[in-house]
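1. Can you look at this prediction? I've put the sequence above it.
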Amino acid sequence: MRVFRISALGSFGAIAVAAALASGASAAAPARVQLRNSQSPAASRTPRVASVAGDTQMNFEVDLKLPDEAGAQAFAQSVSTPGSSTYGAYLTPAQWEARFSPTAADVTEVQSFLTNSGFTVGEVSADRMAVEASGTASQVEQAFGTSLAYHQVQGQRLLLADTNLSVPASIAGVIGGVDGVSDTVAKPDDSVGGPPRTPAASADYQQPAGFRVAPPCGTYFGQQVDASLPQYPGYPAKPPWAVCGYTGPQLRSAYDLSGSDNGAGVTVAIVDAYASPTLFADAHQFAAINDPGNPLRASQFSELLANKFNDGGNNPNTKNQCGASGWFGEQTLDVEAVHDTAPGANILFAGAKNCYTPALNRSLRKIVDGHLASVITNSYGDNAGDQLDSPADRASTDNILLMADATGVSVLFSSGDSGDEFTTAGIVSADYPASSPWATAVGGTSLEIGSAGQRLGEYGWSTARSFYCNSTYEAAGGCTAAQLGQWMPIDEALDGGSGGGTSVNYAQPFYQRGIVPAALSERNGPTPMRVEPDVSMEADPATGMLVGETQQFPDGTYYDQYRIGGTSVASPLLAGVIARADQNRRFPIGFLNPALYSLYHRPGALYDVQGTHQDMTRADYANSLDASQGFLYSTRIVDYEGQEQYCDVNNVCTTRNVAINTAPGYDSMTGLGAPGAAFVQSLSWR
């Protein structure tokens, strides 16, 4: 058996061991050993804007190395690959921990080092892979031999390690990395795709500002046709208006999710930061209004919440970066999307204490350690994280994923909402954790559902928009009086698109060989690398999903409905589909990717998403709430693959062509494509 191994750059916090030691030389061991590649890559790419006060309180976790990482990878591959003699022979969490986890003695060594360094030692994870600790910035710099500073990263002020971390040689063989010393802030991958919401006059942890969909919009694709605005040059006349938001019955119909299997008996877990106080009530009301035959019952819903939510991390600016109430819409769409595609499934919502990687991983790890679900959906990621996150920070997530894969848990991550990330980060990069070869990356499409619930078409989600110059847009400074009645140039900052691309850290996994074109896997050099996404579903905010959520409006706080998109929609939609397949086969699929790629040549299993030449017209309230301040109109190019632009902090702008595209077969925008009519049936085979 050929064993898949991660490339050297992406090894799970590999430690640089002196060559003399490796050859058995008698030279004395060095006093300290660097944790190779533990410096934040973002630190070398971004400006240093401030020093870190020595008494800044820091929370982090030390991640322990797996004693047999190659063995854990080989086992995950074997039990997940259809046709393997051990396919489906999953371990229990306790069995995996006994076989692959660090030992109790390893944990004791790490605890002693942390205590002797003056840190307060916290919880040890059940799988013995992580030890929590806290202390000051000065203690971190001294204990790990590094320097800390604030850097400006994608408009945020992040605390980063400027140099590689190091540890005493005596424990160098135990420690894989230190997660949380450098800020890694996860962002929810959801978007309303309209004007920014007017901020509510409230603090965090309260309901978000309200948003309403403006008319005209269709209850199905093409119901409303734009015959009033001028034709956008080069595109068909009378394009359809955007839809008002698809409901569960429409989505199930379009993706051929019929039959008695509705996910009953299967638990889908959702991991997000924080927890909306109206989460279940909103989802219950939404189902009652839009899908009354499939109510969301209290017996189907449960929560696993952090003991105390906080603004956490090590950064005084975290509150603005996490935005607790901004996660409430994400949570709402996650729960409602899972219920849309699997109305019989049980839903476990896991709310992390903040949006930092250690906190989110803690929630993810508890689900895996306790085997609390068969499917986990995560609608967040670090923009361009494949390049900007250090291997040490990625190691903790990768190890959790390995355990999930070996114990029969499907773990999905949204692929991101900023396309190739050039417009946000100035580099072409995949997001992380979606780029991990041990996760399923879920990309986005623009789904067209007809009047009878049929799939009229499905295309890659990549949106460029052009605004129509009317008096409202002129008053906002978007155009001049001389331009009234004209379409403005395309906004090259893009208006969202499915994340994807080629990893610079992870070698091509076994399941992508022979399927992913060499032009994609070798985009960054001659060595084939991991490409994401793996599979896609509806995500375009203009053809988005209807959601119901309690929001703050000028006249009070109450439940209302609006349309939303993003790969945050695609991931939980797919999670519900996988729950149906798990129910149908009476056995969890576990790590999806080997089974997904085995469907590549199976008729009807996958819908090959390709490009198109069409646009849609969309109306938005200028104030996001009502017509009192006028309307904004935009044409939205579907499957946009033209030019995009990045402007740095000095407003120096660079333009290039979009780097991810749709194509026949596997492509870097939608992966294998979308679920076909026989998707669930094909996945259920074993």
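-> Good, I have the coordinates.

2. So which residues of the stretch 251-400 of the chain form strands?
-> For the stretch 251-400 of the chain, the strands defined by DSSP state E, counting those that start in this stretch occupy 267-273, 301-305, 346-352, 375-378, 380-381.

3. Show me what the fourth one is packed up against.
-> Judged by 3 or more CB pairs under 8 Å, 6 or more residues apart in numbering; DSSP states H and E, strand 375-378 is in contact with strand 267-273, helix 357-370, strand 410-414, helix 567-585. Using the backbone N, CA and C atoms, a C-beta is placed for each residue, glycine as well.

4. could those go into a markdown table alongside mean neighbour count and mean pLDDT?
-> Output for the helices and strands packed on strand 375-378, formatted as a markdown table (neighbours: other CB atoms under 10 Å; pLDDT from 0 to 100):
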| stretch | mean neighbour count | mean pLDDT |
| --- | --- | --- |
| strand 267-273 | 27 | 97 |
| helix 357-370 | 23 | 94 |
| strand 410-414 | 30 | 98 |
| helix 567-585 | 29 | 97 |
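
5. can you redo the ones you listed as TSV with distance to Ala337?
-> Listed next are the helices and strands packed on strand 375-378 as TSV, based on distance: least, CB to CB, whole Å:
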stretch	distance to Ala337
strand 267-273	9
helix 357-370	18
strand 410-414	11
helix 567-585	4
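
6. Helix, strand or coil: sort out Asn37 for me.
-> Secondary structure assignment for Asn37 (DSSP: H, G, I helix; E, B strand; the rest coil): coil.

7. Next, give phi and psi for it.
-> Note on Asn37: its backbone torsions stand at phi 60, psi 30 [degrees, to the nearest 10].

8. if we can go back for a sec, make a markdown table out of the strands of the stretch 251-400 of the chain and add distance to Gly499.
-> As requested, those are exported to a markdown table (distance: least, CB to CB, whole Å):
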| stretch | distance to Gly499 |
| --- | --- |
| strand 267-273 | 18 |
| strand 301-305 | 27 |
| strand 346-352 | 21 |
| strand 375-378 | 13 |
| strand 380-381 | 7 |
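
9. weakest of the ones you listed by average pLDDT?
-> Looking over these, mean pLDDT reaches its minimum on strand 380-381, with a mean of 92.

10. where's it relative to the chain centroid, distance-wise?
-> From the chain centre to the centre of strand 380-381 is a distance of 3 Å (CA atoms, centre = their mean, to the nearest Å).

11. so how many other residues sit close to Pro664?
-> For Pro664, the count of nearby residues is 10 (other CB atoms under 10 Å).

12. now swap in Phe553 and tell me
-> Phe553 is flanked by 17 other residues according to other CB under 10 Å.

13. do you know how far it is from Asn354?
-> 27 Å (CB to CB, to the nearest Å).

14. next one: Ala493
-> Taken as CB to CB, the span from Ala493 to Asn354 is 28 Å.

15. try Val213
-> Counting by CB to CB, the gap from Val213 to Asn354 is 31 Å.

16. any residues touching stretch 114-127, and which ones?
-> Identification of contacts with stretch 114-127 by CB atoms under 8 Å, 6 or more residues apart in numbering yields 62, 93, 96-97, 101, 107, 111, 130-135, 139, 142-143, 362, 365-366, 368-370, 403.

17. in the chain, which ranges drop under the pLDDT threshold?
-> Counting by pLDDT under 70, the chain has low-confidence residues at 1-30, 196-204, 310-321, 686.

18. Would you map the strands across the stretch 1-150 of the chain?
-> With DSSP E, counting those that start in this stretch as the criterion, the stretch 1-150 of the chain has strands at 32-34, 48-51, 57-64, 120-124, 130-136, 148-153.

19. Can you say which of these is nearest to Ser302?
-> Among the strands of the stretch 1-150 of the chain, strand 120-124 comes nearest to Ser302, with 21.9 Å by CB to CB.

20. the domain parsing of the protein - what is it?
-> 8-66+101-183, 207-684 (automatic domain parsing).

21. Go through those and pick out the most buried.
-> The highest mean neighbour count among those, using mean count of other CB atoms under 10 Å, belongs to domain 207-684: a mean of 22.

22. First-to-last residue distance for it?
-> Using CA to CA, to the nearest Å, the end-to-end distance of domain 207-684 comes out at 40 Å.

23. again, but for stretch 287-306
-> By CA to CA, the extent of stretch 287-306 from end to end equals 27 Å.

24. Contacts for it next, please.
-> 247-249, 262, 269, 275, 279-280, 283-284, 286, 335-336, 339-340, 343-353, 359, 362-363, 366-367, 372, 546, 548, 561.

25. hmm, back to that, quick one: closest of the strands of the stretch 251-400 of the chain to Ser40.
-> Ser40 sits nearest to strand 380-381 of all the strands of the stretch 251-400 of the chain, at 16.7 Å, using CB to CB.

26. List the neighbouring strands of the closest one plus their orientation.
-> Strand pairing for strand 380-381, using DSSP bridges, gives strand 187-188 (antiparallel).

27. if we look at the partner strand, which residues are touching it?
-> Around strand 187-188, the neighbours that count as contacts under CB under 8 Å, 6+ apart are 272, 326-327, 329-330, 355, 379-383, 566, 568.

28. Tell me which residues touch Thr612, please.
-> By CB under 8 Å, 6+ apart, Thr612 lies in contact with 457, 459, 638-639.

29. Where does it fall, secondary structure wise?
-> Assigned by DSSP states H and E, Thr612 belongs to no helix or strand.

30. how far away is it from Ser101?
-> 49 Å.

31. coming back round to it: mind listing which of the contacts of Thr612 are in strands?
-> 457, 459 (DSSP state E).

32. which among the contacts of Thr612 gets closest to Ser628?
-> Nearest to Ser628 out of these is Val638 (CB to CB; 30.8 Å).

33. May I see the strands of the stretch 1-150 of the chain arranged in a markdown table, with distance to Ala430 as well?
-> Supplementary listing: the strands of the stretch 1-150 of the chain in a markdown table, determined by distance: least, CB to CB, whole Å:
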| stretch | distance to Ala430 |
| --- | --- |
| strand 32-34 | 26 |
| strand 48-51 | 26 |
| strand 57-64 | 22 |
| strand 120-124 | 32 |
| strand 130-136 | 25 |
| strand 148-153 | 17 |
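
34. between those strands, which one is nearest to Cys217?
-> The closest of those to Cys217 is strand 148-153. By CB to CB, the value is 36.5 Å.

35. Paired strands for the closest one, with orientation please.
-> Strand 148-153 pairs in its sheet with strand 48-51 (antiparallel), strand 156-161 (antiparallel), by DSSP bridges.

36. and it, how far out from the chain's middle?
-> Computed by CA atoms, centre = their mean, the chain-centroid distance of strand 148-153 equals 23 Å.

37. swap in stretch 277-292?
-> That offset, for stretch 277-292, works out to 24 Å (CA atoms, centre = their mean).
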